[in-house]
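S.K.: 3D model of this:
(chains A and B, ligands or ions: 4)
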Amino acid sequence: MAIIKFENVTFRYESDEEGVALAPAVKDFSLSIEKGEFVAILGHNGSGKSTLAKLANGLLLPEKGRVLVDGMDTVNEEDDIKIKQTVGVVFQNPDNQIVATIVEEDVAFGPENLGIEPTEIRRRVDSALKTVGMYEYRKHGPHKLSGGQKQRVAIAGIIAMEPRCIILDEPTAMLDPIGRRDVMNAIKRLNRDLGITVVFITHYMEEAVEADRIVVMDDSRLLMDGTPKEVFADATKIRSIGLDVPQTCQLSELLRADGIKLKNDLLSIDELVENIDALLKGK
Amino acid sequence: MSHLKTENLTYIYGAGTPFKITALDNVNINIEKGDFVAIIGHTGSGKSTLVQHLNGLLKPTDGKIFLDGEDIHQSKSKLFDTRFRVGLCFQYPEYQLFESTVYKDIAFGPANMGLSTAEIDERVRKAAKYVGIPDEMLSKSPFDLSGGEKRRVAIAGVISMEPEILILDEPTSGLDPMGREQILDLIKNYREKTGSTVIIVSHSMDDVARFATKVIVMNDSKVDLMGTVDGIFENSTHLQEIGLSVPQITEVFIRLRKKGYPVSEKIYTVEQGYRELKRLFEGSVNND
Ligand SMILES: Nc1ncnc2c1ncn2[C@@H]1O[C@H](COP(=O)(O)OP(=O)(O)OP(=O)(O)O)[C@@H](O)[C@H]1O
Ligand SMILES: Nc1ncnc2c1ncn2[C@@H]1O[C@H](COP(=O)(O)OP(=O)(O)O)[C@@H](O)[C@H]1O
Ligand SMILES: [Mg+2]
Ligand SMILES: [Mg+2]
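M.R.: Numbers count the residues shown, from 1 in each chain, chains lettered A, B, ... in the order given. Ligands and ions are numbered 1, 2, ... in the order given. Presented below is the predicted three-dimensional model:
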């Protein structure tokens, strides 16, 4: 059974002005995410990605269609706690998620609410903070941290609840390069070692290539769904909707136009360097 | 005389409490008119704290800030003047957006400058168009926008004041790739057209390499390096030690060099990489 299933979902935000109907933020959207998958979601600003994240754990309810979390329909209030326990969401702005005055208390907040026993909470908090590289800051006040530091604390807070699926909405947007690397590695570990399903919203193409599957949104609808190689092979289509291909692809694309026979799906630095090497040695 | 300069700038959050944090430690930077400055550094290194000093929003614990040779804190009127001449767009758009509509938010700066209603309207529409905000969004509440849309509104709010020095704290984070290009082009054009000075805080080494004329590297509350793009990115090992990296394309060339290919490591952009690889491939054909 899919861990998250969208069935022909349409959602519309309510307008502040009476009688004005806003266009749907998500329209006739269907998608099935299986247990253990690592899925990246791409799409231009305002295409509906964050709205999907909120629909996936019942924060928003569909106007049409339904959302099933591990088989539970998100409209059923009696399943609400179970649904939020199954799918944890790290939102775009970490500020809105920080609740406590000390970092480690903030991370402990989720597991405490789940009724986990204190020694286990201690273990989870320490391990989550180490995973995101914020262990040294455990006694600090979260509101005094810099942007990227806050983001990592917010991620630790969700990790500590050990949900079966984590949705991360642009978790690396404010991080420095090494911080981004650390968070990506942490996410991959959660997925590979702990089998947690990961849904990852990002505007960085070179991060999306690390997923097993990429889902592309365009104007509230699903436009593409495939492996990174499949999705980025169509550079024209990707560009037409405000996105781009990774820089390694851009470079090989320019060279291919000059008749240099590099492949069109070189998604990583390693792949590009190897292909260049092979071509030059093949002479 | 430099345009904007800090002298032994030190800032301590929570001074006098047990939780004090030295966010800036004896920082000396020097910015000339027309510079396109990129400030890079690990999260928490003090970048946002630094830029908030440059328009007088934060008051130094110690040290001074000079705009065209004058201490910006020398008088109330000087400080007031500085706020208009130096426009700052915050890292978190949420901190900057507070009006009931997008239109009013963008109009806030120009209105405070005492412009006429017609001039304000012109500036709002121009700035909105610049950053890619469609007309129908102007009547929406800024709180009902997606993350990237909020970011655009915040940038428009600063651009509409047409400041002499434009400072943007992580302006492209949260923007889609096309939006990122648009905003960077916009900043570039704004600088070229008006002769303004631009300072951006960025985590994108790729963008920094393409646009900056001067790079300031912060590390643990101090200025670690200051120089040209070439001068900074040649320290790839050091940059990694302090939480940064070199542009992706540079990494490709570092690897090729390690494999023994005669390529330059001073390659930072896709365009430069293309030319260098073309040379490499053509060279290998000629040698046959
Ligand atoms: N609270 C709200 N009220 C009204 N409209 C909203 C609200 N939140 C979002 N929207 C609108 O819904 C659409 C989808 O927004 P959403 O936040 O899902 O986009 P996104 O894909 O996450 O964009 P970004 O990449 O900028 O974060 C946008 O047109 C946005 O303006
Ligand atoms: N409002 C604040 N109160 C207390 N400490 C803060 C505040 N804002 C930032 N800091 C601290 O100051 C240091 C520098 O932060 P900041 O300037 O935001 O860094 P950057 O922008 O480089 O990520 C960090 O250690 C951060 O935790
Ligand atoms: Mg979003
Ligand atoms: Mg900052």
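S.K.: Tell me the residues on chain B that lie near ligand 2, please.
M.R.: Contacts of chain B with ligand 2, taken as Cβ under 6 Å from any ligand atom, map to B:Y13, B:G14, B:I21, B:A23, B:G41, B:T43, B:G44, B:S45, B:G46, B:K47, B:S48, B:T49. (Each C-beta comes from the backbone N, C-alpha and C, glycine too.)
S.K.: Can you give me the separation between the second one and B:E94?
M.R.: In this case it means B:G14. 23 Å (Cβ to Cβ, to the nearest Å).
S.K.: okay, these two: which has more neighbours?
M.R.: Per other Cβ atoms under 10 Å in any protein chain shown, whichever of B:G14 and B:E94 has more neighbours is B:E94, with 16 against 12.
S.K.: That one against B:K150, yeah?
M.R.: Yes: using Cβ atoms under 8 Å, B:E94 is in contact with B:K150, at 7.0 Å.
S.K.: Count the neighbours of B:F143 for me.
M.R.: The local packing of B:F143 (other Cβ under 10 Å) involves 11 other residues.
S.K.: While we're on it, how confident is the model there?
M.R.: Among the per-residue scores, B:F143 shows a pLDDT of 88.
S.K.: Check the nearest residue to it once chain neighbours are set aside and give its pLDDT.
M.R.: Counting by Cβ to Cβ, 6 or more residues apart in numbering or on different chains, B:F143 lies nearest to B:L97, which is 7.3 Å off, once chain neighbours are set aside. We have a pLDDT of 81 for B:L97.
S.K.: ok, B:L97 to B:L145 distance?
M.R.: B:L97 is 9 Å from B:L145, by Cβ to Cβ.
S.K.: Sketch out the low-pLDDT regions of chain A for me.
M.R.: A:92-97, A:146-148, A:283 (pLDDT under 70).
S.K.: how about the longest helix seen in it against ligand 2, any contact?
M.R.: What stands out as the longest helix in chain A, according to DSSP state H, is helix A:177-194. No: contact between helix A:177-194 and ligand 2 is absent, the nearest approach being 9.7 Å (criterion: Cβ under 6 Å from any ligand atom).
S.K.: ok, that helix near chain B or not?
M.R.: Yes: applying Cβ under 8 Å from any Cβ of the partner chain, one finds helix A:177-194 touching chain B at A:P177, A:I178, A:G179, A:R180.
S.K.: Columns distance to ligand 1 and neighbour count on top of these, output as TSV?
M.R.: As requested, the residues of helix A:177-194 next to chain B are exported to TSV (distance: Cβ to the nearest ligand atom, whole Å; neighbours: other Cβ atoms under 10 Å in any protein chain shown):
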residue	distance to ligand 1	neighbour count
A:P177	21	21
A:I178	24	18
A:G179	20	22
A:R180	17	23
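S.K.: before we move on, the earlier item: now the common contact residues for B:L97 and B:L145.
M.R.: B:V153 (Cβ atoms under 8 Å, 6 or more residues apart in numbering or on different chains).
S.K.: thinking again about what came up before, for B:G174, state which of the residues of helix A:177-194 next to chain B is nearest.
M.R.: A:R180 (13.8 Å; Cβ to Cβ).
S.K.: Break the chain down into its domains, please.
M.R.: I went with chain A, as the question did not name one. According to automatic domain parsing, chain A comprises the domains A:1-90+A:164-177+A:193-227, A:95-162.
S.K.: that's the other chain; I wanted chain B
M.R.: B:1-74+B:164-177+B:192-234, B:247-288.
S.K.: How many residues are close by A:A156?
M.R.: 30.
S.K.: do you know how far it is from ligand 2?
M.R.: Distance of A:A156 to ligand 2, computed by Cβ to the nearest ligand atom, to the nearest Å: 16 Å.
S.K.: That residue against A:M134, yeah?
M.R.: Yes: at 6.2 Å, A:A156 counts as touching A:M134 under the criterion of Cβ under 8 Å.
S.K.: mind checking the SS state of the closest residue to B:S173 other than its chain neighbours?
M.R.: Leaving aside its chain neighbours, B:S173 sits nearest to A:A173 (4.5 Å; criterion: Cβ to Cβ, 6+ apart). Judged by DSSP: H, G, I helix; E, B strand; the rest coil, the three-state class of A:A173 is coil.
S.K.: ok, now B:I39?
M.R.: Once three-state DSSP is applied, B:I39 turns out strand.
S.K.: just checking, it touches B:V198?
M.R.: No: judged on Cβ under 8 Å, B:I39 makes no contact with B:V198 at a distance of 11.2 Å.
S.K.: Which element, helix or strand, includes A:D225?
M.R.: strand A:221-226 (DSSP states H and E).
S.K.: Just list what the helix or strand just after that strand packs against, helices and strands only.
M.R.: Counting by DSSP H and E, the next helix or strand C-terminal to strand A:221-226 is helix A:228-233. Where contact means 3 or more Cβ pairs under 8 Å, 6 or more residues apart in numbering or on different chains; DSSP states H and E, helix A:228-233 is packed against strand A:213-218.
S.K.: Distance from the chain centre to the strand it packs on, please.
M.R.: 11 Å (Cα atoms, centre = their mean, to the nearest Å).
S.K.: That strand pairs with which strands, parallel or anti?
M.R.: Partners of strand A:213-218 in the sheet, by DSSP bridges, are strand A:38-43 (parallel), strand A:221-226 (antiparallel).
S.K.: Can you tell me which of the ones you listed is most buried?
M.R.: Highest mean neighbour count among the strands paired with strand A:213-218 (mean count of other Cβ atoms under 10 Å in any protein chain shown): strand A:38-43, with a mean of 25.
S.K.: Just the residues contacting it, thanks.
M.R.: A:33, A:49, A:52, A:187-188, A:191, A:197-203, A:205, A:207-208, A:210-218, A:223, A:228, A:231, A:241, A:243, B:176.
S.K.: what do you get for stretch A:243-252?
M.R.: A:42-44, A:205-206, A:209, A:216, A:232, A:235, A:238-239, A:253, A:262-269, A:271-272, A:275, B:176-178, B:206, B:248-249, B:252, B:270, B:273-274, B:277.
S.K.: and those, which are buried?
M.R.: A:42-44, A:205-206, A:209, A:216, A:232, A:238, A:253, A:262-263, A:265-267, A:269, A:271-272, A:275, B:176-178, B:206, B:248-249, B:252, B:270, B:273-274, B:277 (16 or more other Cβ atoms under 10 Å in any protein chain shown).
S.K.: Can you flag which of the residues you listed belong to strands?
M.R.: Residues of the buried ones among the contacts of stretch A:243-252 located in strands (DSSP state E): A:L42, A:G43, A:V216.
S.K.: Any idea what the last one is bridged to?
M.R.: Taking DSSP bridges, one finds A:L42, A:M224 as the beta-bridge partners of A:V216.
S.K.: Hmm, it is touching A:V231, no?
M.R.: Yes: with contact defined as Cβ under 8 Å, A:V216 counts as touching A:V231 (6.4 Å).
S.K.: If you drop the residues flanking it in sequence, what lies closest to A:D218?
M.R.: A:I241 (4.6 Å).
S.K.: How about B:L4?
M.R.: B:I31 (4.3 Å).
S.K.: How many residues are close by B:K76?
M.R.: 8.
S.K.: likewise A:F109?
M.R.: The number of residues near A:F109, taken as other Cβ under 10 Å, comes to 18.
S.K.: Kind regards, and thank you for your time.
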